[in-house]
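[1] Output the structure for:
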Amino acid sequence: MASAAIKKIIIIPIFAAVVASQYAYDRSKLEALQIQFPAPLQLIRVFDLGLHSAAASLLWIETIVQLPFFQRGTEPFFNNFRTINDLDPKFSFPYAFTVLVLPTSRAYPDKIAAAIEIGKRGIAEADPDWRIPFYLAAVHLLELKDHENAVKYFDIASQTVGAPHYIKRFSSTFVLAKTFREQTREFWRAVYENAEDEQIKDRAGAYLERLEIFDLLDKASGAYFERFGSYPKTPQDLVGAGIISEVPQDPFGFELVFNDAGDLSVQ
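    Predicted structure coming up:
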């Protein structure tokens with residue numbers, strides 16, 4: 001009897017330990033599926049020693065690691081997103097990431113409107129980051145077929161400090177498409193006629209000048225084809241053929257060339 005009692009005394013703590021371990025394990029797994037910051041925003045600000053930007057970066061890393069890109073729903077993500085940007089409104093990458101990824105979410109019914117709102121806030125509040133307006137332009141173009149706003153935000157991206165050359169080149173090439181050219185012209189004409197800021201007015205004027213150059217070179221390229229049966233390679237070929245008197249200078253400093261189909265592109 002004594003030995004049986006001793007066995008019970010030994011087994012009960014072991015059983016309790018196993019149950020406790022399983023409970024702790026299950027709890028940790030459940031918590032891993034939910035993103036919860038360790039403390040409310042006010043408490044984070046108290047204990048981060050004024051390093052709000054560093055705290056925002058750490059919380060963003062936690063968000064990305066734990067959240068499989070909106071597949072578990074968007075409420076936890078946006079709660080974290082708001083906390084991160086309240087800590088550091090100038091932290092640009094969360095804006096850019098969200099504008100890029102949110103339109104692909106199936107779990108958020110107003111995803112396009114939300115992406116546009118976040119992108120606009122990022123442009124207004126965050127440190128300059130060409131990715132925010134560039135991705136925002138893509139949302140307007142691909143999701144809404146809104147060429148006017150796509151042109152607007154591609155241009156903002158090309159002007160943003162730190163934008164790589166290929167982004168500037170892409171933004172310039174985008175307005176070359178003949179199918180969009182008249183819409184682009186109407187957009188920049190409206191900007192030019194209504195702009196109160198002289199820099200914006202000058203920018204719009206430069207785009208209008210550029211579109212006139214495109215029209216001139218397209219017409220000249222057609223004349224070249226009628227004469228020689230092939231398209232020119234560069235505007236200099238048009239000068240050599242006597243079709244135009246000189247090569248027009250792109251107001252943004254890019255070199256204009258023709259492809260085999262006679263369409264303009266920039267280098």
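[2] Low-confidence stretches in the stretch 101-250 of the chain?
    Applying pLDDT under 70 to the stretch 101-250 of the chain flags the ranges 104-108, 175-179.
[3] Helices of that one, start to end?
    For the stretch 101-250 of the chain, the helices defined by DSSP state H, counting those that start in this stretch cover 111-125, 131-138, 147-159, 165-174, 178-194, 198-228, 235-240.
[4] Kindly reformat the ones you listed as a markdown table containing mean neighbour count.
    To be clear about C-beta, it is placed using only N, CA and C from the backbone, and glycine gets the same treatment. Output for the helices of the stretch 101-250 of the chain, formatted as a markdown table (neighbours: other Cβ atoms under 10 Å):
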| stretch | mean neighbour count |
| --- | --- |
| helix 111-125 | 18 |
| helix 131-138 | 25 |
| helix 147-159 | 21 |
| helix 165-174 | 17 |
| helix 178-194 | 15 |
| helix 198-228 | 16 |
| helix 235-240 | 18 |
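[5] now these as TSV including distance to residue 255?
    Listed next are those as TSV, based on distance: least, Cβ to Cβ, whole Å:
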stretch	distance to residue 255
helix 111-125	30
helix 131-138	23
helix 147-159	16
helix 165-174	10
helix 178-194	19
helix 198-228	12
helix 235-240	9
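[6] Looking at those helices, which is nearest to residue 261?
    For the helices of the stretch 101-250 of the chain, proximity to residue 261 was assessed by Cβ to Cβ; helix 198-228 is nearest, at 10.0 Å.
[7] ok, back up a step: how about the helices of the stretch 101-250 of the chain, which one is nearest residue 96?
    helix 131-138 (3.9 Å).
[8] Tell me the secondary structure at residue 265.
    Put simply, residue 265 is strand when judged by DSSP: H, G, I helix; E, B strand; the rest coil.
[9] That one bridge partners, please.
    residue 257 (DSSP bridges).
[10] what about it, neighbour count?
    Counted with other Cβ atoms under 10 Å, residues neighbouring residue 265 total 14.
[11] Apart from its neighbours in sequence, what residue is nearest residue 118?
    Nearest residue to residue 118 in three dimensions, chain neighbours excluded: residue 98, at 5.1 Å (Cβ to Cβ, 6 or more residues apart in numbering).
[12] Which of the helices of the stretch 101-250 of the chain sits closest to residue 257?
    Proximity to residue 257 (Cβ to Cβ) singles out helix 235-240 among those, at 8.0 Å.
[13] What helices and strands are in contact with that closest one?
    helix 198-228 (3 or more Cβ pairs under 8 Å, 6 or more residues apart in numbering; DSSP states H and E).
[14] tell me what the helix it packs on is packed against?
    Against helix 198-228 (3+ Cβ pairs under 8 Å, 6+ apart) you get helix 147-159, helix 178-194, helix 235-240, strand 256-258, strand 264-266.
[15] closest to residue 168 out of those?
    Residue 168 lies closest to helix 147-159 among the helices and strands packed on helix 198-228, at 4.5 Å (Cβ to Cβ).
[16] The closest one to helix 198-228, inter-axis angle?
    110 degrees (axes from the mean of the first three to the mean of the last three Cα atoms, to 10 degrees).
[17] Mind listing residues that contact helix 147-159?
    119, 123, 130-134, 136-138, 140-141, 163, 167-168, 170-172, 174-175, 180, 183-184, 187-188, 203, 207 (Cβ atoms under 8 Å, 6 or more residues apart in numbering).
[18] ok, residue 251 to residue 164 distance?
    21 Å (Cβ to Cβ, to the nearest Å).
[19] State the number of residues packed around residue 84.
    Neighbours around residue 84, by other Cβ under 10 Å: 25.
[20] That one contacts residue 91, doesn't it?
    Yes: using Cβ atoms under 8 Å, residue 84 is in contact with residue 91, at 6.5 Å.
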